[in-house]
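**Q** okay, here's the prediction I keep looking at, along with the sequence it came from:
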Amino acid sequence: MAMAGREPNARNLDPGIRLMLGELRDLRVEMRADRQRADEERRQERRQSDERFERAMRESRERFERVMRDSEERFEHSMGESRERFERAMRETQRAFRDIRTVGLSIVKTLNHHTRILQRIEKRLGGRGRWRPGPSNGRGGTQR
């Protein structure tokens, strides 16, 4: 049986106990080495994970920038097309108003011409119908 010596650091140990203590010490050393290895593996996995994350973020940022650049180009292109469509529509509208003005002036000239014809006819007939242009609420006709 093993007995501790009378001094605090003195050990009087049985060889079997010495063997067991040696084994425990070896196990502690192996466990520390295992922990260190596991810590190093975790650090390496973490580094790889960080690298994958950074790569994914960089790719995502590049895709985002590319999409934004493409969207901006499409927007500018569509704005150019919109501007062209707007300008074309304005030209067509101006042309339509010119046509309307031309037709309106032709109508007025025709009405004036017909009015003069009717006045000459009335004059030749001796004023019997006493037709005069006047307020007729747009229906035309004779006043009596």
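**A** Nice, thanks for sending it over. Numbering: from 1, shown residues only.
**Q** mean confidence score for the helix or strand harbouring S78?
**A** Assigned by DSSP states H and E, S78 falls within helix 15-124. Taken as a whole, helix 15-124 has a mean pLDDT of 89.
**Q** tally up the residues packed near R101, please.
**A** 10 (other Cβ atoms under 10 Å). Using the backbone N, CA and C atoms, a C-beta is placed for each residue, glycine as well.
**Q** so who does it touch?
**A** Not one residue lies near R101 by Cβ atoms under 8 Å, 6 or more residues apart in numbering.
**Q** how far away is it from V108?
**A** 11 Å (Cβ to Cβ, to the nearest Å).
**Q** how close does the most centrally placed residue in the chain sit to V29?
**A** Nearest to the geometric centre of the chain sits S71, at 6.8 Å (Cα atoms, centre = their mean). To V29, S71 is 62 Å away according to Cβ to Cβ.
**Q** ok, S60 - how many residues close by?
**A** Going by other Cβ under 10 Å, the residues that sit close to S60 add up to 10.
**Q** make that L13, sorry
**A** With other Cβ under 10 Å as criterion, L13 counts 14.
**Q** isn't it right up against L21?
**A** Yes. Using Cβ atoms under 8 Å, L13 is in contact with L21, at 7.3 Å.
**Q** ok, S60 - contacts?
**A** Counting by Cβ under 8 Å, 6+ apart, there are no residues that S60 touches.
**Q** for E54, see how far away it is.
**A** Distance from S60 to E54, by Cβ to Cβ: 11 Å.
**Q** kindly report the same for S106.
**A** Counting by Cβ to Cβ - S106 and E54 are separated by 76 Å.
**Q** do M79 as well
**A** Separation of M79 from E54 (Cβ to Cβ) stands at 37 Å.
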